[in-house]
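Participant: no sequence on hand, only this structure:
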Ligand SMILES: Nc1ncnc2c1ncn2[C@@H]1O[C@H](COP(=O)(O)O)[C@@H](O)[C@H]1O
Ligand SMILES: Nc1ncnc2c1ncn2[C@@H]1O[C@H](COP(=O)(O)O)[C@@H](O)[C@H]1O
Ligand SMILES: Nc1ncnc2c1ncn2[C@@H]1O[C@H](COP(=O)(O)O)[C@@H](O)[C@H]1O
Ligand SMILES: Nc1ncnc2c1ncn2[C@@H]1O[C@H](COP(=O)(O)O)[C@@H](O)[C@H]1O
Ligand SMILES: [Mg+2]
Ligand SMILES: [Mg+2]
Ligand SMILES: [Mg+2]
Ligand SMILES: [Mg+2]
Ligand SMILES: [Mg+2]
Ligand SMILES: [Mg+2]
Ligand SMILES: [Mg+2]
Ligand SMILES: [Mg+2]
């Protein structure tokens, strides 16, 4: 386990007992804990262990902060196309926070109404790294990628229907982006995007301070 | 055969003899003829039949105009993302022409440099119908679709590599476009897009005159 | 927002509260509102805001008409293969209506009993634009496309099983149609087909009047 | 080996030497031999063994008739959508012949011009069994299936491009046919369709004769 | 509607009211009716219309015989690999019956225990046409196809898991069968297989008698 | 590098110079070397290094034996469906040999003529482990798997066309085999199958002797 | 039925009555019985037949041992990447046991924390054969395959989301393993892996004793 | 165009004339130019424009440096699994260089021989960002991702055969990596990985200096 990083539990399909067991086994390390893809039921169990546990019902995450987080200077911009992408954007938000990254959220700026995106370009351009969350055709990643000169991490979401194929259409769009500087994570993987973004943001801080 | 429309031959895999044979059998009808996915070799054979035949080496089409084309008032805008998409855009151009549509070509306006697209929005917005030709991730269709209130016909091209899957990524992008008013044709089907666009453009003219 | 067009909300996965919130934020614009992929529960909330809201339980749409719709002269024909395709056809119907298009519905004319289709060709041929809705193998689009010289917009539906792959078989059929003049939208996207069809129908009217 | 049936060699990727070797090993059985997916080069070798060998350059087959074929009373109709489907239709023709089936060929009756199909329905309806050969979207199988009450065997061909996926679109169309009585074989498998059709045709003859 | 054939209703997703409505509209034609992919609830409604309706809970079919069925001389063999394939085999059975075909059922003869198949080859070989129903890898179709010289219609079933992909593995096996004389229908389409088989079986009878 | 095992070079896309370089770097270890997916050109280069190199033109392998191979007691049976599968079977043969396994080859026993397989069951049953090589639908693996109680390693080959999808159909058949005791390797991977088979055969010998 | 082997019932979709019926029909053979993919309900029925039946709720198996199992000398190592893979690992465990193989379980050694794997390499290396169970990207199979010189049987699991495609990503990883000596079974097929592993382990024992 | 960044031309399918034309149009901007997926023929044309052009025949790139590159302090580690992955690794190398990143190359460290990777972990761990290039099953990305706490950018390559599906297997592995901090680019996209890596590396330098 790397110092200063949270321990992360992938909660999908794990019972409250199993998750509690894993968290207990981590108690001695005093590190912060993030549980993703979990539910309120698991949260109740964790809270009886440690009442600092906090559930985010949109993100479906539990954050348990046992040591204070030192935040980096720069920030991560999380840019989401539509309100349906919010759960993934929130998972990214929770992950970035517990990794020590400050975050700016820019919501509802899908390319069908591109003026809404342009209205927010300032806050996006000043980020150290940009996460783009989009479902359906996922074109937002290419447009943002063309407008900023910072690394862009694209998260396809499973929002859509028919030939959206549960996020595959957005994934392919992002992998084939004609804009340079875009890398991609698994469908709905807000966690993974924010984890990488925070590693990048941290490099920036480390160098500034170190 | 509908009056005033060209007869169209799909040239793929047909020998010069076969194509010439088909053209001969059409001679009596005096209609215009368009041959797609063909080559200069076939062109040479057709020319010895009728020297009005004209080969477009980029589009890989032969146009044989035996009766004068009456052009519609409005025009079709053909918008292409990159120079690699040119063959498909040219096939669309040849088809629209022989169908009686005036055309405006807008090239090299991929979303990675979106200012180039904005510089051309005027000519695009004034069209009766817009054809968007794009490979790789095909995001241009969504962006254009969001900016115009005319029907947009999107043509995915096989330009790209890896997960572009020979045009499938662009196709899925276009089918899942978050912008309304976008319909889609087969990969590299510049012909089909221009055929439909010309039917639309013609409705507009017919009503204006009729 | 373009004048005279409805505002459209994609209702999938949005709670009554979320949809109501979005509708409220649109109140000042006095435009008509269409909500797709929604349910009666959402309808009840919207009605308490504005009792002109009308729910179509087959289409799963809510139409809220605040300003009178001016209908175009020409009409859109919506042609559906089987009764199982009705929900998609109805979504197209609701969309075309609120976009100001008159509509003629032609139901249950799948190609397995092609005489039923021929009995209706008159009303189909007189439309400005034809929407074809079909699941299973979707062959209806090709047959209709071959019989009319108007633009055809094909909507594959998820009706079928096994190798129908939730509408993919019908989609591929339509994209590969040997009839010219057919463009395609996403699986079950009655809304998108009718939106494009209405843009086309409107061009026709504008020119007639303008 | 069943009495009265030809021996069949799948020629793909086999050298003239290999095919000649296999034919030699069959000499003692005096049965007729059909070689599919072969070429003129192989034909030359086989002819030096037995000069009754006959090459069909469109079908890419060699037929070697050593014993007279007794033809059935009924016939198989082979119906093909376009001229590009001819090689597959010819492979079916050669196979049906050597299996003892009389054949009626009906070419170039794709659904884009459905009147051409109707002009030929008489000869199709009188067949004992119908083979439909079609590429692109393969809709012909459904239309024919709806018009005849005989078994229809559909052969998807690899004719097409883009989302035709080398015959997969036509295959899916045929497997999902809304017309009853349609069964399907592998892409471009004219041989297989005609083999099954001839088994069916033979049943009919056998019973007629007792 | 062809004389002497049942009318068939595809029951999937239709309510009791809808199915009853369709059946009522057929009453005047006095033909037999088969409803597939239905349930006991629909059966109860149909029975109150006509108490000759009979539900097969394994096949999920309702058969309503209003005129006596004249059975053909020959029979169709329905050969199924495992007990999980029974619902599809029963759908085929019900369809063949109402089409006027006598049937022999041969169950539980998957290729993992090939001696069980050999023990039943006699009854299989004497059929006019053989239906093979198999899921998982579907190899039974090839083995049976190699052992009989009658047409074989293969039905892939969705039985299996993982890379069975809901019947796709079995489908591909059957389409690629190295045995000649095998044609294929959609996954789980016991109805379609038996419909075609009965058309074949009927040809045989017609000739014998006619 | 494990003692007694050959060093293996995957020759695909490597120039004669590159392969020779790798072989030279292995000279000091005096181990045997197997090069797969190579050609005669590479062979000529290797021979000038060490004239014990031996090229198998069907397998496309080079075997360079510098130390004598100690053969195991038991043998591996390599069972192939058709002559087109020979290259893959030969790659397996070469690999098994240099791994120290005795081999029995059983060719041309596809399930379409199952009596040919039964005629060879004796030699197959006495093997310690059986490799089944088959393309098209790959049903041979299931049939053999049901007849022997030894581990079966199935190798799908890319032999076939259309829905064979370059070996995918055979692969799926093998992965879904209803016979127990079948494991699978990559398409055309005769090397991998024989490598695993030899590890198994060796366990058997080791125990017998040790 | 091979002597000394259990009889295996695939329980998926079978009712308690059906499974009990099959077990009863096996009673006379006095062999051991393994039921996979079953549930506690079925277990209750089987227990009333024979109270030696034992249900494993994680593996979802019932083992019914009527004759004592003679265990082999060597053992099978079952190595699983994460706790979510446990059900598949347990199915493998139950199968290996009833086949007479001793087993060592090595859990929670995914490649993200490779030191945990290295800590267990001793017990893995001493096995006669190794089963690797992993979902998500399934990289564990390649790493283990590179570290041991025993046959490795890889089981992809459906653990994961998005582009995990229900186990397909892990399956492809395993089929393309750059380590030699890895063979693969169907997704989640712990049974099949352990069946093959036990056949291999048994060879080893037989030779040692025989 | 962002200051200090090279202009990049995607050379695939462009003639020497087309590329030279594009380069000429950039002359006024005096920026550096990188041409990817090009050939020696194009190089010759570019050289006659500006003899500072340099061709890398393995990477298939042309670098034209008109202004001196200022290199960052930190470096990018490019880690490749096998020699077949070299072209992609070299494309990444050329891109990183012209973007101003120092690079350390670590070759031939595939997971089948994991000790070779461990011998190089020092130089990998000290990088600011790590690019992992791997084909076949691509497991290297997960293993490296688990060992470093820097951002990892994974590039799947098309090296492999059969179920490698031209890089898709490696892509899926990388997208589903169980190690955190891994993002992915398109198959064979060495350019894109290095572009993103250099943006990250530059952030680090900027902060250190600024
Ligand atoms: N939502 C997520 N998506 C992908 N990976 C995750 C997610 N949440 C946690 N992980 C990864 O899963 C690991 C924990 O897996 P586990 O041991 O099964 O709880 C963490 O170290 C993360 O790398
Ligand atoms: N064009 C074809 N498509 C599919 N199967 C074929 C074809 N031609 C021959 N066959 C089958 O291949 C068998 C001969 O295969 P082979 O022994 O490899 O020559 C014949 O008995 C037929 O069943
Ligand atoms: N199980 C089935 N699978 C495929 N097609 C069927 C099935 N049952 C009925 N059909 C076909 O569906 C038609 C009726 O469709 P519908 O008008 O929707 O009831 C019938 O004429 C049959 O051709
Ligand atoms: N035909 C083959 N298919 C799959 N893997 C192979 C093949 N030939 C060699 N290999 C593997 O590739 C490794 C050598 O790869 P390389 O270092 O690229 O030559 C060997 O150790 C084998 O594990
Ligand atoms: Mg950028
Ligand atoms: Mg628009
Ligand atoms: Mg038309
Ligand atoms: Mg019919
Ligand atoms: Mg047969
Ligand atoms: Mg066995
Ligand atoms: Mg190994
Ligand atoms: Mg890491």
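Facilitator: Everything's here; your move. If you're wondering where the values come from, they're calculated on a predicted model, not measured in any experiment. Numbers count the residues shown, from 1 in each chain, chains lettered A, B, ... in the order given. Ligands and ions are numbered 1, 2, ... in the order given.
Participant: what does chain A put close to ligand 5?
Facilitator: Where chain A comes near ligand 5, counting by C-beta under 5 Å from the ion, the residues are A:145, A:181. Just so you know, the C-beta spots here come from the backbone N, C-alpha and C atoms, and that holds for glycine as well.
Participant: which residue does chain A have closest to chain E?
Facilitator: Of chain A, the residue with the smallest distance to chain E, taken as C-beta to the nearest C-beta, is residue A:165 at 14.3 Å.
Participant: nearest the geometric middle of chain A, what residue?
Facilitator: The centre of chain A sits closest to residue A:92, judged by C-alpha atoms, centre = their mean, with a distance of 1.4 Å.
Participant: in terms of pLDDT, where does residue A:2 sit?
Facilitator: Each residue has a pLDDT score; the one for residue A:2 is 46.
Participant: again with residue A:208
Facilitator: Spelled out, the predicted local distance difference test score at residue A:208 is 54.
Participant: stretch A:129-146 spans what distance, first to last residue?
Facilitator: Stretch A:129-146 stretches 14 Å from its first residue to its last (C-alpha to C-alpha, to the nearest Å).
Participant: in it, what counts as buried?
Facilitator: By 16 or more other C-beta atoms under 10 Å in any protein chain shown, the buried positions in stretch A:129-146 come out as A:129-146.
Participant: same check, this time on stretch A:180-193
Facilitator: Buried positions in stretch A:180-193, judged by neighbour count with 16+ other C-beta under 10 Å: A:180-193.
Participant: kindly provide the whole-number mean pLDDT of stretch A:71-89.
Facilitator: Across stretch A:71-89, the average pLDDT comes to 95.
Participant: that should have said stretch A:137-156, apologies.
Facilitator: If you average the pLDDT over stretch A:137-156, you get 96.
Participant: wait, residue A:170 touches residue A:140, no?
Facilitator: No. Between residue A:170 and residue A:140 there is no contact under C-beta atoms under 8 Å: 9.2 Å.
Participant: point out where chain A drops to low pLDDT.
Facilitator: Residues of chain A that meet the criterion pLDDT under 70 lie in A:1-4, A:207-210.
Participant: tell me which stretches of it form strands.
Facilitator: Shown for chain A, the strands assigned by DSSP state E span residues A:7-10, A:33-36, A:53-56, A:61-64, A:75-80, A:102-106, A:129-134, A:152-156, A:182-184.
Participant: reformat those strands as JSON lines; add distance to residue F:56.
Facilitator: Shown next, in JSON lines, are the strands of chain A (distance: least, C-beta to C-beta, whole Å):
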{"stretch": "strand A:7-10", "distance to residue F:56": "48"}
{"stretch": "strand A:33-36", "distance to residue F:56": "53"}
{"stretch": "strand A:53-56", "distance to residue F:56": "62"}
{"stretch": "strand A:61-64", "distance to residue F:56": "58"}
{"stretch": "strand A:75-80", "distance to residue F:56": "57"}
{"stretch": "strand A:102-106", "distance to residue F:56": "61"}
{"stretch": "strand A:129-134", "distance to residue F:56": "53"}
{"stretch": "strand A:152-156", "distance to residue F:56": "47"}
{"stretch": "strand A:182-184", "distance to residue F:56": "43"}
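Participant: for chain H, which of these is the nearest?
Facilitator: Of all the strands of chain A, the one in closest proximity to chain H, counting by C-beta to the nearest C-beta, is strand A:182-184 (3.7 Å).
Participant: how close does residue A:150 sit to residue A:126?
Facilitator: Taking C-beta to C-beta, to the nearest Å as the criterion, residue A:150 is separated from residue A:126 by 9 Å.
Participant: ok, residue A:108 next?
Facilitator: The separation that residue A:108 has from residue A:126, given C-beta to C-beta, amounts to 20 Å.
Participant: cool, and residue A:10?
Facilitator: Noted for residue A:10: a distance of 32 Å to residue A:126, by C-beta to C-beta.
Participant: so for those two, which residue has more residues nearby?
Facilitator: Each of residue A:10 and residue A:126 has its neighbours counted (other C-beta atoms under 10 Å in any protein chain shown); residue A:10 has more, 21 against 13.
Participant: wait, what's in contact with the more buried one?
Facilitator: Residue A:10 makes contact with A:36, A:37, G:84 under the criterion C-beta atoms under 8 Å, 6 or more residues apart in numbering or on different chains.
Participant: could you pull up the contacting residues of the first one?
Facilitator: Under the criterion of C-beta under 8 Å, 6+ apart, the neighbours of residue A:36 are A:8, A:9, A:10, A:11, A:12, A:59, A:60, A:61, A:91, A:95, A:191.
Participant: is any residue of stretch A:181-199 near ligand 12?
Facilitator: No. Stretch A:181-199 is not in contact with ligand 12 by C-beta under 5 Å from the ion; minimum separation 7.8 Å.
Participant: quick one: that stretch near chain H?
Facilitator: Yes. Using C-beta under 8 Å from any C-beta of the partner chain, stretch A:181-199 reaches chain H at A:181, A:182, A:183, A:184, A:185, A:186, A:191, A:192, A:193, A:195, A:196, A:199.
Participant: how about stretch A:155-163?
Facilitator: No. Where contact is defined by C-beta under 8 Å from any C-beta, no part of stretch A:155-163 touches chain H; the two come within 9.8 Å at best.
Participant: which residue does chain A have closest to chain G?
Facilitator: Taking C-beta to the nearest C-beta, chain A has residue A:187 as its residue nearest chain G, at 3.0 Å.
Participant: and that residue, how close does it get to ligand 1?
Facilitator: 10 Å (C-beta to the nearest ligand atom, to the nearest Å).
Participant: tell me the contacts of the residue in chain A that ligand 7 sits nearest to?
Facilitator: Nearest residue of chain A to ligand 7, counting by C-beta to the ion: residue A:163, 23.9 Å away. Neighbour list for residue A:163: A:169, B:172, B:175, B:176, C:168, C:171, C:186, C:187 [criterion: C-beta under 8 Å, 6+ apart].
Participant: could I get those as JSON lines with distance to residue H:32?
Facilitator: Supplementary listing: the contacts of residue A:163 in JSON lines, determined by distance: C-beta to C-beta, whole Å:
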{"residue": "A:169", "distance to residue H:32": "35"}
{"residue": "B:172", "distance to residue H:32": "35"}
{"residue": "B:175", "distance to residue H:32": "39"}
{"residue": "B:176", "distance to residue H:32": "37"}
{"residue": "C:168", "distance to residue H:32": "46"}
{"residue": "C:171", "distance to residue H:32": "45"}
{"residue": "C:186", "distance to residue H:32": "43"}
{"residue": "C:187", "distance to residue H:32": "46"}
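Participant: ends of stretch A:130-145, how far apart?
Facilitator: The separation between the terminal residues of stretch A:130-145, taken as C-alpha to C-alpha, is 9 Å.
Participant: do that stretch and chain G come into contact?
Facilitator: No. Contact of stretch A:130-145 with chain G is not found when judged by C-beta under 8 Å from any C-beta; the minimum separation is 11.7 Å.
Participant: what about that stretch, near ligand 1?
Facilitator: No. In this structure, stretch A:130-145 remains apart from ligand 1 according to C-beta under 6 Å from any ligand atom; the gap is never smaller than 13.6 Å.
Participant: work out the gap between that stretch and the centre of the chain.
Facilitator: Taking C-alpha atoms, centre = their mean, to the nearest Å, one finds the center of stretch A:130-145 at 14 Å from the center of the full chain.
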